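Peer 1: Dropping the sequence and predicted coords here.
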Amino acid sequence: MSLGAILRGTAVGLLAALVLAVALALVVYHTTLPDRFVVSGLWLADAAASFVAGYAAARQAETGAAVHGILAALTLTVVGDLAAEWLRVPTGALWGQLALAAVMGLVGGMAAVLATG
């Protein structure tokens, strides 16, 4: 288990989440989307950031790519929820976010394994 790989994957996922959040904020600011589209966009951005975190962690890990991917995505979710709680931003159901992060981190880790062949 490599803590460095998990933390680097989390950092890369955080950067991806930041870029996706700014892009989503710009779309919401310049359009009049219904609320259900905004919520769907948030879940999609969450899934994409978890995938990126899992992929980056798995690429850094020497062994156990899938486990490193899951742990990086879960760490990203917990850090994001803690930051949202500190800023008093509503986040929704934690269990749903953790389940999505675990699945997408696993998929990202497996994608990294397949990419390195």
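Peer 2: Yep, it's here.

Peer 1: so where does the residue positioned nearest the centre of the chain fall, helix or strand?
Peer 2: The geometric centre of the chain, computed from its C-alpha atoms, lies nearest to Ser50 (Cα atoms, centre = their mean), at 2.3 Å. Secondary structure assigned from DSSP states H and E places Ser50 in helix 35-60.

Peer 1: helices and strands around whichever helix or strand comes after that helix, which ones?
Peer 2: Once the chain leaves helix 35-60, the next helix or strand it forms, by DSSP H and E, is helix 65-86. The helices and strands touching helix 65-86, judged by 3 or more Cβ pairs under 8 Å, 6 or more residues apart in numbering; DSSP states H and E, are helix 3-30, helix 35-60, helix 94-116. C-beta here means a position set from N, CA and C on the backbone, and glycine is covered the same way.

Peer 1: Next, format those helices as a markdown table and append mean pLDDT.
Peer 2: A markdown table is the format used below for the helices and strands packed on helix 65-86 (pLDDT from 0 to 100):
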| stretch | mean pLDDT |
| --- | --- |
| helix 3-30 | 96 |
| helix 35-60 | 95 |
| helix 94-116 | 94 |
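
Peer 1: Give me the distance between the nearest residue to Leu20 once chain neighbours are set aside and Ile6.
Peer 2: Leaving aside its sequence neighbours, Leu20 sits nearest to Ala45 (Cβ to Cβ, 6 or more residues apart in numbering; 4.0 Å). Separation of Ala45 from Ile6 (Cβ to Cβ, to the nearest Å): 21 Å.
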